[in-house]
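>>> let's see this in three dimensions:
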Amino acid sequence: MNHGGRSQASGSGAAGFTLIENMIALAVFAIGMMGIVYMMLNGVGLSRTSQSLTQAYVAAQEIIGMMRAAGPGIYQYNNVNTKNGAPPASTVAGQNISTWMQSLQYLPGSGAIHGGYGQITITPEAGVSVGLCPCNAQVTITWDGGRKSYVVETVVGY
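Just a heads-up that it's a prediction; the model follows:
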């Protein structure tokens, strides 16, 4: 039959996509989208890790600055472990450590541990008597239930 000068194609020469071609194209598209979603989720995780490391770095530099300002009272910071609680806030060092503990609470925690905790160890340099400086200070900040940590060692003294 003739419809306005056009003829209909019959059988195998028909234009358009078959159902199988459409399904294959949809599968390729879905696999590509899954890759994009995976990359986005991975980027969010890396961003959170970077944010936590930056917070730990800032907290470590904060307490190192406080120790450097302490002068001869630097050993009041020795063997501090904020997981065991803060020292009495009756001293300047105690107040500084309490302030430091508050900044550590912003690190991600898990379970019963909210935020992070920090440890400080001060040792005199070789050839220097105990109680005198220059000293080596090691600050360790731990968070995420103890699974992640940041450690910095520096020379402090008066």
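>>> thought residue 115 was touching residue 107?
Yes: between residue 115 and residue 107 a contact is recorded at 4.9 Å, counting by C-beta atoms under 8 Å. (Glycine included, C-beta is placed from N, CA and C.)
>>> neighbour count for those two, which is higher?
The neighbour count for residue 115 versus residue 107, taken as other C-beta atoms under 10 Å, is higher for residue 107 (24 against 17).
>>> that one and residue 141 touch, don't they?
Yes: the criterion here is C-beta under 8 Å, and residue 107 meets it with residue 141 at 7.3 Å.
>>> shared neighbours, these two?
Residues touching both residue 107 and residue 141 (C-beta atoms under 8 Å, 6 or more residues apart in numbering) are 56, 59, 116.
>>> so where do the strands sit in this structure?
80-81, 117-124, 135-143, 148-156 (DSSP state E).
>>> residue 34 is nearest to which of those strands?
strand 148-156 (28.3 Å; C-beta to C-beta).
>>> so which bits of that closest one are buried?
Using 16 or more other C-beta atoms under 10 Å as the test for burial, strand 148-156 gives 148, 150, 156.
>>> how about the contacts made by the second one?
This points to residue 150. 53, 56-57, 60, 140-141 are the contacts of residue 150 under C-beta under 8 Å, 6+ apart.
>>> farthest-separated two in those residues?
Checking the contacts of residue 150 with C-beta to C-beta, the most distant pair is 53 and 140, at 13.6 Å.
>>> shared neighbours of residue 115 and residue 107, anything?
Joint contacts of residue 115 and residue 107 (C-beta under 8 Å, 6+ apart) are residue 143.
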